[in-house]
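Q: from the sequence below, what's the structure:
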Amino acid sequence: MTAVPELYILRHGETVWNAEGRLQGRADSPLTATGRAQAARQGALLAAAGVGNLPLRASPSPRALTTAEIALPGRPILLDARLMEVDLGDWTGALIADLAAARPDIATAADAHHWKFAAPGGETLEAMAARCRAALDDLDGPAILVTHGLTSRVLRCLALGLPPHALADLPGGQGVIHHIRDGQARLIA
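A: Have a look, this model is predicted:
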């Protein structure tokens, strides 16, 4: 992988399914009022940092695209399917609480993320890391990326030179911006 340019990585705003504790994966649900406010705040944070004019790439998922359109209205957006969320296979749309009740290994998992890569018919961490690495390799300068929770974590691991399985060690959150520059990360909130 080539050196990673400066990045501003945004996770989409809160969705109806996020609020319900439902797994989305590649499926979609609309942004809540909170999610729309989070996207607007991300736009204000980018403007305050003076970087709102950087090239903008987004997952084609409606929740990510809507976040990008609210945060940076009128800006051209390059849609990149490699920025999609992990495919959760048979678990798509399931309530996390229901899965945890049926699968004690999920309820007692040491972290809140790795178990998602075990979904029947879903995507592996290795496959997700490969597509995220390809997306990063295609960047030719600083960029704003609007994506998803797990995708953001994997992208940041790769950009920071960490193995993808270190994703649980990184901060998450909706309505924040993860800034990566020269191998260092900071949270803009």
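Q: switch to C-alpha atoms for all contacts and neighbour counts from now on
A: Fine.
Q: do me a favour and get the end-to-end distance for stretch 169-184?
A: 14 Å (CA to CA, to the nearest Å).
Q: try stretch 19-35
A: 10 Å.
Q: give me the number of residues near A159?
A: 26 (other CA atoms under 10 Å).
Q: please begin residue numbering at 408 from this point
A: Will do, 408 is the new start, and the previous item becomes A566.
Q: which residues sit in contact with it?
A: Contacts of A566 were listed using CA atoms under 8 Å, 6 or more residues apart in numbering, and they are 411, 543, 587, 590.
Q: now for the residues you listed: which two are most distant?
A: L543 and G590 (13.6 Å; CA to CA).
Q: between these two, who's got more neighbours?
A: L543 (21 against 15).
Q: where do the helices sit along the chain?
A: Ranges of helices in the chain, per DSSP state H, are 423-427, 440-455, 469-478, 503-509, 511-514, 532-544, 556-566.
Q: just the pLDDT for the residue minimising distance to the centre of the chain.
A: Geometric centre of the chain, nearest residue: H555, 2.2 Å, by CA atoms, centre = their mean. We have a pLDDT of 96 for H555.
Q: before we move on, what about A514?
A: Looking at A514, the pLDDT reads 67.
Q: swap in D505?
A: Reading off the model, D505 has pLDDT 93.
Q: tell me the contacts of R593?
A: 585-587.
Q: one step back: enumerate every residue touching the residue nearest to the centre of the chain.
A: Applying CA under 8 Å, 6+ apart, we find H555 in contact with 417-419, 466, 471, 490-492.
Q: can you list the residues that contact the helix or strand bottoming out on mean pLDDT in the chain?
A: Across the helices and strands of the chain, mean pLDDT, DSSP states H and E gives its lowest value to helix 511-514, namely a mean of 77. Identification of contacts with helix 511-514 by CA under 8 Å, 6+ apart yields 506-508, 522.
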